[in-house]
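1. Dropping a prediction and its sequence here:
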Amino acid sequence: MKKVMVLGCGVQGSTICRKLDEEPNVQEIICADYSLAAAEAVCSLMTKGVPKQVDATNIDAIVEAAEGCELIVNVMPLDFGVNVLEAALRVKACYQDLAACENIADCEDPRDNWLEGIKIMYNDYGKRFAENGTTAIIGTGSAPGVMCVMARKAVNELDECDTINMLVYEGVEAKRFLPYWWSPLVALSDMEEDAYAFENCQQIRTTPFSRPVKRRWPEMGNREVTLVEHAHDEPVYVGFNREKYFKNCKNAYFKYGGIGIEFAEPIYRAGLLSREEEVVNGNKVVPFDLVLAHVPAAPKDPDEIKEIIDEGLIADEGAFVCEAYGQKGGKNVMVDLHVFAPGLVEAYEKAKMSGEMYLTGQGAFLFTKMFVNDKITQHGLISSDMLDDVQVEQYLQWAKELDITYTMEVKEGVVCED
């Protein structure tokens with residue numbers, strides 16, 4: 001029987017806690033948050049949950065709260081990642097993060113910090129976790145996470161890979177003002193940052209909202225939708241792991257579209273996502289902080305989600321697609337993989353969650369489930385695209401049991417033209 005700590009009881013952390021509560025191999029779940037009320041709220045929906053107030057700026061506090069835990073699941077903002085990593089090493093626990101850490105590297109150009117930080121995580125932290133005989137996995141939400149597993153599945157259909165497009169369109173729209181169904185801080189931070197792409201075997205940065213592509217998908221009613229450059233982990237992981245896991249992939253892109261993009265693009269272009277302090281009419285303001293203060297938090301309480309649904313929805317749709325282009329049997333082919341998961345209404349009916357909580361939180365939980373059921377055999381630090389083929393198939397099997405499914409079609413004679 002295992003003891004697990006989930007650090008961060010927000011939208012996704014509370015989902016992971018509730019799913020862990022159903023696992024027979026788990027004896028106790030420490031639900032930790034800076035807000036004791038948030039920890040207690042999720043524990044009220046559980047039988048094995050123990051609420052704890054933890055200040056994640058203090059490594060000693062994390063270590064104390066995690067005493068006896070075999071796994072720490074980090075669902076905190078990126079700035080706390082290094083502290084939680086260090087705490088996991090001191091406790092000699094395994095570690096899971098829905099994203100990856102920031103501010104590990106010290107580079108002359110701040111834009112290089114994250115890329116260099118991933119290298120440090122793979123190498124330096126990888127060595128330290130291996131010395132402990134433990135495992136850390138980063139990038140384990142929906143994207144990255146579910147998307148990385150699906151990219152592996154698609155690329156496995158190829159003999160050689162040229163290009164991977166990872167495409168997410170989020171079209172759930174409520175009648176009330178609610179542009180994001182996950183952390184507005186994370187969402188807007190990603191919106192204002194230069195995006196990442198892997199192009200011609202090189203890691204590059206691109207301008208947010210640039211280089212649009214257009215698609216028509218059945219799940220979007222076959223109407224044309226637009227997706228743009230957006231800061232995400234997946235192309236970076238593919239670039240680092242192209243030879244071993246992605247059939248020598250040369251190009252990898254993440255594109256995003258939907259309600260959140262439509263909200264953020266004009267305020268980005270107006271300079272309202274700037275982190276630089278300005279003086280306006282004699283008052284000092286940081287535009288980003290001002291915008292963030294006026295964006296509502298994502299709903300996680302079941303009663304609030306039901307209230308939003310009962311008010312009526314403008315749209316309850318989305319698309320989650322991986323396109324892998326390359327060669328198979330000497331022919332050009334495209335592997336077209338589409339992921340399907342419950343939307344807002346169905347997710348609430350199934351699990352009293354939003355659709356975002358369902359795919360991201362339960363997608364993350366599947367990695368946690370692999371930990372607590374001893375399916376993770378690697379030691380060191382890996383990203384979610386570095387599961388072996390047996391683990392990929394196990395993940396997909398368990399995902400299907402949660403109604404997270406996919407369709408995959410191999411199309412001959414198709415090359416990437418974007």
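-> Arrived safely, thanks for sending.
2. Export only the CA atoms of stretch 229-239, formatted as CSV.
-> C-alpha atoms of stretch 229-239 as CSV (Å, rounded to 0.1, in the frame of the first residue of the first chain):
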residue,chain,number,x,y,z
GLU,A,229,2.0,29.2,-32.6
HIS,A,230,1.8,28.8,-28.8
ALA,A,231,4.4,28.1,-26.1
HIS,A,232,4.3,24.4,-25.2
ASP,A,233,6.7,21.7,-24.2
GLU,A,234,6.1,19.1,-26.8
PRO,A,235,8.3,20.3,-29.7
VAL,A,236,11.2,20.7,-27.2
TYR,A,237,10.8,17.1,-26.0
VAL,A,238,10.6,15.8,-29.5
GLY,A,239,13.8,17.7,-30.5
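3. just how off-centre is it within its chain?
-> Distance of stretch 229-239 from the chain centroid (C-alpha atoms, centre = their mean, to the nearest Å) equals 11 Å.
4. Buried ones in that stretch, by neighbour count?
-> Using 16 or more other C-beta atoms under 10 Å as the test for burial, stretch 229-239 gives Glu229, His230, Ala231, His232, Asp233, Glu234, Pro235, Val236, Tyr237, Val238, Gly239. Quick note: C-beta positions are derived from backbone N, CA and C, even for glycine.
5. Tell me which residue is most central in this protein.
-> Geometric centre of the chain, nearest residue: Gly141, 3.4 Å, by C-alpha atoms, centre = their mean.
6. sorry, back to before: and which of the buried residues of stretch 229-239 is nearest Cys322?
-> Glu234 (9.3 Å; C-beta to C-beta).
7. From what I see, the closest one and Phe254 are in contact.
-> Yes. At 5.0 Å, Glu234 counts as touching Phe254 under the criterion of C-beta atoms under 8 Å.
8. shared neighbours of those two, which are they?
-> Shared contacts of Glu234 and Phe254, defined by C-beta atoms under 8 Å, 6 or more residues apart in numbering, comprise Ala143, Met166.
9. Which residues are in contact with Leu36?
-> Pro51, Lys52, Gln53.
10. rerun at 7 Å
-> If you count contacts by C-beta atoms under 7 Å, 6 or more residues apart in numbering, Leu36 has them with Pro51, Gln53.
11. again with Asn132
-> Leu89, Lys92 are the contacts of Asn132 under C-beta under 7 Å, 6+ apart.
12. what pLDDT does it get?
-> Per-residue pLDDT puts Asn132 at 96.
13. same question, the one 3 residues further on
-> According to the predicted model, the pLDDT of Thr135 comes to 97.
14. same thing with Ser44?
-> Reported pLDDT for Ser44: 94.
15. One more: Lys352?
-> 88.
16. Quick check: it vs Val6, distance?
-> Applying C-beta to C-beta, to the nearest Å, the value for Lys352 to Val6 is 18 Å.
17. Ok, Asn222 next?
-> 40 Å.
18. Ok, Leu85 next?
-> Distance of Leu85 to Val6, computed by C-beta to C-beta: 16 Å.
19. And the two? Which one has more around it.
-> Neighbours were counted for Leu85 and for Val6 using other C-beta atoms under 10 Å; Val6 has more, 31 against 25.
20. For that one, which residues count as its bridge partners?
-> Under DSSP bridges, the beta-bridge partners of Val6 are Cys31, Val73.
21. Hmm, Val75 and it touching each other?
-> Yes. Val6 lies in contact with Val75 (C-beta atoms under 7 Å); the separation is 6.3 Å.
22. list the residues that contact both of those two?
-> Both Val6 and Val75 are in contact with Gly13, Ile16, where contact means C-beta under 7 Å, 6+ apart.
23. pLDDT-wise, which helix or strand of the protein ranks last?
-> Across the helices and strands of the chain, mean confidence by mean pLDDT, DSSP states H and E is lowest for helix 113-120: a mean of 84.
24. Buried residues in it, which are they?
-> Buried, per 16+ other C-beta under 10 Å, within helix 113-120: Asn113, Trp114, Leu115, Gly117, Ile118, Ile120.
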